[in-house]
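Trainee: can you look at this prediction? I've put the sequence above it.
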4 protein chains.
Amino acid sequence: MIIVLKPSATPEQVTNFTDMLKTDYDVRVNRWDGIHSTVLGLIGDTTQIDIEYIDAQDIVESVKRVQEPYKKANRKFHPENTAIKINDEVTIGDGSLNIIAGPCSVESEEQIVGIANNVKKSGATLLRGGAFKPRTSPYAFQGLKAEGLDLLKAARKQTGLPIVTEIMRVSHIDMFENVDIIQVGARNMQNFELLKELGKIDKPILLKRGLSATIEEWLMSAEYIMAGGNNKVILCERGIRTYENFTRNTLDISAIPIVKKLSHLPVVVDPSHASGKSWLVEPLAMASVAAGADGLIIEVHNDPPHALSDGAQSLTPAQFDVVAKKAFELKKALK
Amino acid sequence: MIIVLKPSATPEQVTNFTDMLKTDYDVRVNRWDGIHSTVLGLIGDTTQIDIEYIDAQDIVESVKRVQEPYKKANRKFHPENTAIKINDEVTIGDGSLNIIAGPCSVESEEQIVGIANNVKKSGATLLRGGAFKPRTSPYAFQGLKAEGLDLLKAARKQTGLPIVTEIMRVSHIDMFENVDIIQVGARNMQNFELLKELGKIDKPILLKRGLSATIEEWLMSAEYIMAGGNNKVILCERGIRTYENFTRNTLDISAIPIVKKLSHLPVVVDPSHASGKSWLVEPLAMASVAAGADGLIIEVHNDPPHALSDGAQSLTPAQFDVVAKKAFELKKALK
Amino acid sequence: MIIVLKPSATPEQVTNFTDMLKTDYDVRVNRWDGIHSTVLGLIGDTTQIDIEYIDAQDIVESVKRVQEPYKKANRKFHPENTAIKINDEVTIGDGSLNIIAGPCSVESEEQIVGIANNVKKSGATLLRGGAFKPRTSPYAFQGLKAEGLDLLKAARKQTGLPIVTEIMRVSHIDMFENVDIIQVGARNMQNFELLKELGKIDKPILLKRGLSATIEEWLMSAEYIMAGGNNKVILCERGIRTYENFTRNTLDISAIPIVKKLSHLPVVVDPSHASGKSWLVEPLAMASVAAGADGLIIEVHNDPPHALSDGAQSLTPAQFDVVAKKAFELKKALK
Amino acid sequence: MIIVLKPSATPEQVTNFTDMLKTDYDVRVNRWDGIHSTVLGLIGDTTQIDIEYIDAQDIVESVKRVQEPYKKANRKFHPENTAIKINDEVTIGDGSLNIIAGPCSVESEEQIVGIANNVKKSGATLLRGGAFKPRTSPYAFQGLKAEGLDLLKAARKQTGLPIVTEIMRVSHIDMFENVDIIQVGARNMQNFELLKELGKIDKPILLKRGLSATIEEWLMSAEYIMAGGNNKVILCERGIRTYENFTRNTLDISAIPIVKKLSHLPVVVDPSHASGKSWLVEPLAMASVAAGADGLIIEVHNDPPHALSDGAQSLTPAQFDVVAKKAFELKKALK
């Protein structure tokens, strides 16, 4: 951590401040005096130091971290890729490509089982489906809730596909016990109370990037879960909010290689939410695989025009079959 | 609602689609045929129609709402300003200026009571203070929690100032029963489960705008609370995320007159979080009052360099005294 | 074009407005009356109608285009891909992958010829190099100017590679006569005077997307050039400005398939400027090819740490060799 | 300037790099060695150092400026406010409030003279009007050009109001000789060739902030003009591009106090372009004055529904009269 002091800082203030840093944080402090300003360099473990607190000191002009503020999610302290084993056949982050597919909302047993069978044939290795739905409007369909979870489990039973579904509330955690991967949606990426509770269980968490979260904030949310003891975090890039509104969000393709460099956690991409348009899913899926993603999560619906949510971005099983095959072929070609 | 159909839509498809609209939504459908496309206009109550669902139909090129998707928060259906009475002396939204002041975090009884006494003298009409703190880092101070709530109540007892504090979790609602205004933080603006529960209680809610929420999404979150039966929603503009990073966020000053036009709900401004810098609080507070805000919420700390959170944006009681007096004088001059 | 009128519009006002539309713009006007508002639908060529003008009318609540505001750049009116022939060997937009490579700035004959030889061996089909440099600081290196153009031509003579270089001023157009592709930089994408003049010459123009240009604005800038008679426009995605500042810009990978759908013009991607970091060039280049780009433009420098500009994002010739080979292999695999 | 080196840097590399810095830039270099990294601090004039060049060095992990990269525009080196005298009656930046008013486009002598007379009566001290218009569409009205300049001069002759109008091309500078303030539009804020030429003349320049320019980039563009010898730069905040699209742009109200702190140059605000809606002009104008702006620039048209450009954001003379009076009263009340 590097701290630039104001020109107005007196020698006494600087000494007091330096002493405080050494005592309170157990760091060494280097100092040099420029023409216009004095600069302090802190050596030691600075992840515990609240940068805003330092910034609030009267004599401080600016502060800069040299080290990232996350530790458990940081590749520097864990150079090996984290591979998360879901069952005997599926591991995310081991160099293979996993495709998670399924409808935005679970609507009926017939629907979810039908889609599950279809996407499995096309090579999907996990089934997604929303039971509790975060909707912008209170008047929109809010999901089948507990029944939706049961239907997902029925589909898993028939297909063997592990299931991924979104949690929206701490008190539902028990209900999600039998789910294979619990998804935290973009709008809950900084629902810190939920993250803390998910840190206490032993289950993979698919952590979607917040609508306008920086990569650092996203990794800090992963850190929240890991700080509680649960290291099974899968990051999911799903597009960020920008001024461009042709697409629902803007897929930040660079986030894939950046997260792979900064962290050891696996990263998957959601081209459906990133674009909001079914015809963009294929090119974005291909780009994501080419950029190094460990997986894709794609919305598939048997009858998109009648989907209860997100129909505009859903592929039919036949369209998904094309995309999945191309994606697996691309993955093979890249090796 | 206006629906532009694709040039490829067949007459039969158009007829079927039109019939479906009439049957399912009880609306009248006007239609005209252009050279390149057919356009449908829906007449009736369209707030119940999921725009994404329509957009997902094969034959639909684009959809546009004419009516806003919110009803209870909409000034069109409630032309009078909503004024929210907090106690015998304090009403928000009645044309007066209310200033909510206090520390980011409650730290001790001495601290909160001291600050409460100070800000009251300067004209603040409500006391703020965080007991449960949403922090980006799991390693940062997370608030005094239940003890913080007790200390706030102690400060209220001594000063008579109503208290405003942030909730982070549905299961805490009971604990907040004795709080005067419950704050929903920016990161929880789309924590829909929390919003739904807050809709069931009879207590004013200060709803902060999400980090990258559009004005429409913000009003839709207010609608979530109101749809449950709780109409006491106070909107709080606190800066949005933009590419400019000189400030922590960018205060969207235009949001004040826009929200006043679109909605009947009161709107207050948080210049402290909007800027992240104490020296910007005064000019932003003045601008907010000039733009028509019903109130301000300002962070004040007895000793900002030692604040456990947000010190860099906190005013000392003496600085707050200057800002509050100028703001009240400005309010008077504007009449 | 669909025009929603205010509820307050009187029948007489509506009639007058409708008559004006028919007379001034030679369009047919359909009208239907809803409960809360009247809607007009315009049928005919609406590209000549200034949407802001309509929006300014007292009785107008909102306007929406159904047709895009660009014609010459629009795929609807020109369904075939535009392929731009640069010389006997190089055509951009014909389904092949072209790589434009070279230094940010031309620095010396030895440098540019050396790099040109290197990138040619790796498969680059065009040479880039800046002679006139747009720099944020007036104190930074501004390019070798006319001498730089001469050195580029010397490199072309020795390697046969067509040259691409940036123009910054209308009065330089004559000087660029012997250049193969004239580049318009991101900061000049809406320098309309320059665009108009480039519309009068017969030379391919590489039009970079502005820092915060929407896809529609970008295509409108292409339209400016094409409206003057020059149809040889190559679009170049180079990242957009967002709140995320880990990268210099955020590569908008979705722009590739979107532009391919909306327009017939070829699109190339600049992963160097999009990221600002050399280690990100490879994954972004691969993603761009997978998403359907017609080409790449990559910064290559013989000695990046001593480059006079943009060293941090430049590849060495050896690094470029790896990226180029992988990109061509990927292109082959995709077929 | 503080340079953090990579952990992999060898002692020899560090020594070589340090020697280069001292020799090439005439700075002193302080160094300290942390556990994970070595940090260098540069002391001396670092404005000449290209930060990207440093960032490109193999052994460099990151670089941070301590000093701003602009000098002539920097308040640190010029603590007094710059006041720019336009004529005997009008000075911008001396603590007074100046209002620049007039139509988006000059359309006829009758129009511009009529408006000039009106706005003068309401207290406007300068007249604005576009002769050369930057339009997104090549098919939209492009201004009356040279004739427009003549009409502005005629209006000045009749009213005595100094005139402000936009330049779009270097070769027009001679034509603008008789203009009182030359405006550089947002889209040309980084048209560096134009800025350089405007630095060579002795005339006030109104420099609009670019659509997505940071405050630092904006001040660097001012620096371009000042580096050429022309110190008469007036900064104009006109809204920035964000994800919120209810307004045309988002007025960055914080930019006013920030620019006043960082620079000695005067700053005016354009609430018309910032919002794009006439009903927002008043609250934004009031907010700007309250936040400390030296002036306002407001679009006024005798007949907004028939304005050839920007009608939706133009005030009528009667509406302007209200806004101007309120703004001057507010200014008085603030003293």
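Mentor: Great, that's in hand. Numbering: from 1, shown residues only, chains lettered A, B, ... in the order given.
Trainee: name the residues of the stretch 1-150 of chain A found near chain B, please.
Mentor: Contacts of the stretch 1-150 of chain A with chain B, taken as C-beta under 8 Å from any C-beta of the partner chain, map to A:47-48, A:50, A:52-53, A:55-58, A:69, A:134-141. For glycine as for every other residue, the C-beta is placed from the backbone atoms N, C-alpha and C.
Trainee: helices of the stretch 1-150 of chain A, start to end?
Mentor: A:11-25, A:51-55, A:109-121, A:146-159 (DSSP state H, counting those that start in this stretch).
Trainee: please convert these to a markdown table, extending it with mean neighbour count, mean pLDDT and distance to chain C.
Mentor: Listed next are these as a markdown table, based on neighbours: other C-beta atoms under 10 Å in any protein chain shown; pLDDT from 0 to 100; distance: least, C-beta to the nearest C-beta, whole Å:
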| stretch | mean neighbour count | mean pLDDT | distance to chain C |
| --- | --- | --- | --- |
| helix A:11-25 | 14 | 90 | 26 |
| helix A:51-55 | 21 | 84 | 16 |
| helix A:109-121 | 20 | 98 | 22 |
| helix A:146-159 | 18 | 98 | 29 |
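Trainee: isn't A:Val259 up against A:Thr214?
Mentor: No: between A:Val259 and A:Thr214 there is no contact under C-beta atoms under 8 Å: 11.7 Å.
Trainee: ok, A:Pro304 - how many residues close by?
Mentor: Applying other C-beta atoms under 10 Å in any protein chain shown, we find 23 other residues in the vicinity of A:Pro304.
Trainee: tell me how far it lies from chain B.
Mentor: Counting by C-beta to the nearest C-beta, to the nearest Å, the separation of A:Pro304 from chain B is 5 Å.
Trainee: A:Ala131 - nearest residue in space that isn't next to it in sequence?
Mentor: Closest residue to A:Ala131 apart from its sequence neighbours, by C-beta to C-beta, 6 or more residues apart in numbering or on different chains: A:Gly148 at 2.8 Å.
Trainee: wait, I meant A:Ile54
Mentor: A:Val63 (4.9 Å).
Trainee: ok, now which ones touch A:Val233?
Mentor: Counting by C-beta atoms under 8 Å, 6 or more residues apart in numbering or on different chains, A:Val233 makes contact with A:Ala73, A:Pro204, A:Ile205, A:Leu207, A:Ala222, A:Ile225, A:Met226, A:Leu265.
Trainee: that one pairs with what?
Mentor: A:Ile205 (DSSP bridges).
Trainee: what do you get for A:Ile43?
Mentor: A:Arg28.
Trainee: quick check: closest non-adjacent residue to the residue in the stretch 101-250 of chain A that chain B sits nearest to.
Mentor: In the stretch 101-250 of chain A, no residue comes nearer to chain B than A:Ser212, which is 3.5 Å away by C-beta to the nearest C-beta. Distances taken as C-beta to C-beta, 6+ apart place B:Ser212 nearest to A:Ser212, at 3.5 Å, with adjacent residues excluded.
Trainee: ok, now how distant is A:Ser314 from A:Ser272?
Mentor: Per C-beta to C-beta, to the nearest Å, A:Ser314 is found 7 Å from A:Ser272.
Trainee: who touches both of the two?
Mentor: With contacts taken as C-beta under 8 Å, 6+ apart, A:Ser314 and A:Ser272 have A:Ser278, A:Glu299 as neighbours in common.
Trainee: okay, buried residues for stretch A:327-335 please.
Mentor: The neighbour-count check on stretch A:327-335 (16 or more other C-beta atoms under 10 Å in any protein chain shown) flags A:Ala327, A:Phe328, A:Leu330, A:Lys331, A:Leu334 as buried.
Trainee: give me every residue that touches A:Val179.
Mentor: A:Leu149, A:Leu152, A:Ile163, A:Val164, A:Thr165, A:Lys203.
Trainee: can I get stretch A:150-157 as PDB, trimmed to CA atoms?
Mentor: Output of stretch A:150-157 as PDB, limited to C-alpha atoms (Å, rounded to 0.1, in the frame of the first residue of the first chain):
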ATOM      1  CA  ASP A 150     -39.100 -30.500  -6.900                       C
ATOM      2  CA  LEU A 151     -39.500 -30.600 -10.700                       C
ATOM      3  CA  LEU A 152     -35.800 -29.900 -11.200                       C
ATOM      4  CA  LYS A 153     -35.000 -32.900  -9.000                       C
ATOM      5  CA  ALA A 154     -37.400 -35.000 -11.000                       C
ATOM      6  CA  ALA A 155     -35.500 -34.000 -14.200                       C
ATOM      7  CA  ARG A 156     -32.200 -34.800 -12.500                       C
ATOM      8  CA  LYS A 157     -33.600 -38.200 -11.600                       C
END
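Trainee: re earlier: looking at the buried residues of stretch A:327-335, spot the one nearest chain D.
Mentor: Distances from chain D to these, taken by C-beta to the nearest C-beta, are shortest for A:Leu334, at 27.7 Å.
Trainee: quick one, grab the pLDDT at that closest one.
Mentor: We have a pLDDT of 95 for A:Leu334.
Trainee: now A:Met286: closest residue in space, sequence neighbours ignored.
Mentor: Closest residue to A:Met286 apart from its sequence neighbours, by C-beta to C-beta, 6+ apart: C:Ala290 at 4.1 Å.
Trainee: since we're on the one you found, how many residues are nearby?
Mentor: 29.
Trainee: quick check: pLDDT value at it.
Mentor: Reading off the model, C:Ala290 has pLDDT 98.
Trainee: phi, psi for it please.
Mentor: Main-chain torsions, C:Ala290, degrees, to the nearest 10: phi -60, psi -30.
Trainee: contacts only, for it.
Mentor: Contact partners of C:Ala290, counting by C-beta under 8 Å, 6+ apart, are A:Pro283, A:Met286, A:Ala287, A:Val289, A:Ala290, A:Leu330, C:Leu330, C:Leu334.
Trainee: against B:Val323, how distant is the residue of the stretch 51-200 of chain A at minimum distance from chain B?
Mentor: At 2.7 Å from chain B, A:Ala56 is the closest residue in the stretch 51-200 of chain A, using C-beta to the nearest C-beta. Distance, A:Ala56 to B:Val323, by C-beta to C-beta: 18 Å.
Trainee: please apply the same query to A:Ala255.
Mentor: The value you get for A:Ala255 to B:Val323, if C-beta to C-beta is used, is 40 Å.
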